[in-house]
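Peer 1: 3D model of this:
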Amino acid sequence: MKKKVSANKESLQNGGKLSAWSTFWRFPIVWTLAGAVGIVVIDTLFRQLTERVDGVISLVLTLVMGLLAILIYKLTLTYLARRATPEIAGQRAGIETLLGVLTGTIFIAGSVFIIMALGGYSFQWASSANAGSVLLSTIGAALGAAIVEELIFRGLMLQAIDKLGGTPLALAITSLFFGVAHLGNAGATLWSGFAIALEAGVLLGAAFLWRRNLWFAMGLHFSWNAIEELLGIPVSGHSSAGLFTVEVNGAALLTGGHFGLEGSIVPVVISLLISIPMLIGAARYRRVEARNLPVSK
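Peer 2: Below is the predicted model of the structure:
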């Protein structure tokens, strides 16, 4: 009898330890850090490989990296956070990505057009550029950044903070972190960091909250970076050879200066005009969702 009681007691103790261990991993900050570290490690390893090759092989490696990063994200949310991942469901992945690409294209093209109309930018075709090589390298770089950054900032961080402190706090903190993360880039200033927080942090956060999936945010992020690179405009301080060369004239507040388009006041204003309707739509969705929740007895 004593042995049986002892065995039951030991089982309860082990169960308690397992429960405490499970609770530890299910804490939002813990699974966010675990998932982010895994994604960054994969990105770093594949970045070293892609730097050693060119063309199609580099793009294929970027796609493999993206798939592995998404897999790590799914495993993190499934087995650590213990929740489903409808935000990366394949059902509407194609259409949501295309909608995101279209939104990003309108946003960046509109911003560039306004700056051109005000005399800030002028473009010339880069006759020495190899169009095929430029396209492949641009797609690879833009795709890798879009997948990794959206998985970490909107997929992990925003959802974790949302669970802990609510959506407004989550949007504010992730936007701030996104701006701070770009302060180390070439030509960065306190203004450019603040601008990134507003135009990218808020817009991409609003995009995710509105569509409730990462594909839309990834598509928007991808087209944003890709169009800038193809136009020869520095992307958040990172210069690259595009299909055009850009001549910059006028105040840095208009053109963004050496930091690029993200340092301009124009995309900041336009991004907020796009973000506000998205956030209103997201708020309406949450209210409808709350009304449809079953009442616990």
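Peer 1: low-scoring stretches of this structure, by residue?
Peer 2: 1-18, 292-297 (pLDDT under 70).
Peer 1: the helices in it, which residues?
Peer 2: With DSSP state H as the definition, the chain shows helices at residue ranges 2-26, 28-50, 55-75, 93-117, 131-149, 159-165, 167-181, 190-196, 203-211, 214-231, 252-255, 265-292.
Peer 1: tell me which residues in the second one are buried?
Peer 2: In this case it means helix 28-50. The neighbour-count check on helix 28-50 (16 or more other Cβ atoms under 10 Å) flags 28, 31-32, 34-36, 38-39, 42-43, 46, 50 as buried. The way it works is simple: take the backbone N, C-alpha and C, and place the C-beta from them, glycine included.
Peer 1: pick the one among those residues closest to Y79.
Peer 2: The closest of these to Y79 turns out to be W31 (Cβ to Cβ; 9.1 Å).
Peer 1: quick one: contacts for the closest one?
Peer 2: 25, 76-77, 80-81, 156, 160 (Cβ atoms under 8 Å, 6 or more residues apart in numbering).
Peer 1: how many neighbouring residues does the closest residue to S271 other than its chain neighbours have?
Peer 2: The spatially closest residue to S271, leaving aside those adjacent along the chain, is E199, at 3.9 Å (Cβ to Cβ, 6 or more residues apart in numbering). Under the neighbour criterion other Cβ atoms under 10 Å, E199 is assigned a count of 30.
Peer 1: which residues touch E199?
Peer 2: E199 touches 262, 267-268, 270-272, counting by Cβ under 8 Å, 6+ apart.
Peer 1: for it, give its distance to I147.
Peer 2: 20 Å (Cβ to Cβ, to the nearest Å).
Peer 1: which of the contacts of W31 fall in strands?
Peer 2: Counting by DSSP state E, none of the members of the contacts of W31 fall within strands.
Peer 1: so how do I select the buried members of those in PyMOL?
Peer 2: Buried residues among the contacts of W31 (16+ other Cβ under 10 Å), as a PyMOL selection:
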select buried, resi 76+77+80+81+156+160
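Peer 1: and the two most separated of the contacts of W31?
Peer 2: Longest span within these, Cβ to Cβ: W25 and L156, 13.8 Å.
Peer 1: what sits against G144?
Peer 2: 43, 46-47, 50, 62, 65-66.
Peer 1: looking at these, which is nearest L136?
Peer 2: Nearest member of the contacts of G144 to L136, counting by Cβ to Cβ, is T62, at 9.8 Å.
Peer 1: hang on, isn't the closest one packed against F46?
Peer 2: Yes: using Cβ atoms under 8 Å as the test, T62 is close enough to F46 to be in contact (7.1 Å).
Peer 1: give me the contacts around stretch 245-263.
Peer 2: So stretch 245-263 is contacted by 108, 111-112, 115, 118-124, 126, 182, 185-189, 191-192, 195-196, 199-200, 228, 231-238, 264-267 (Cβ under 8 Å, 6+ apart).
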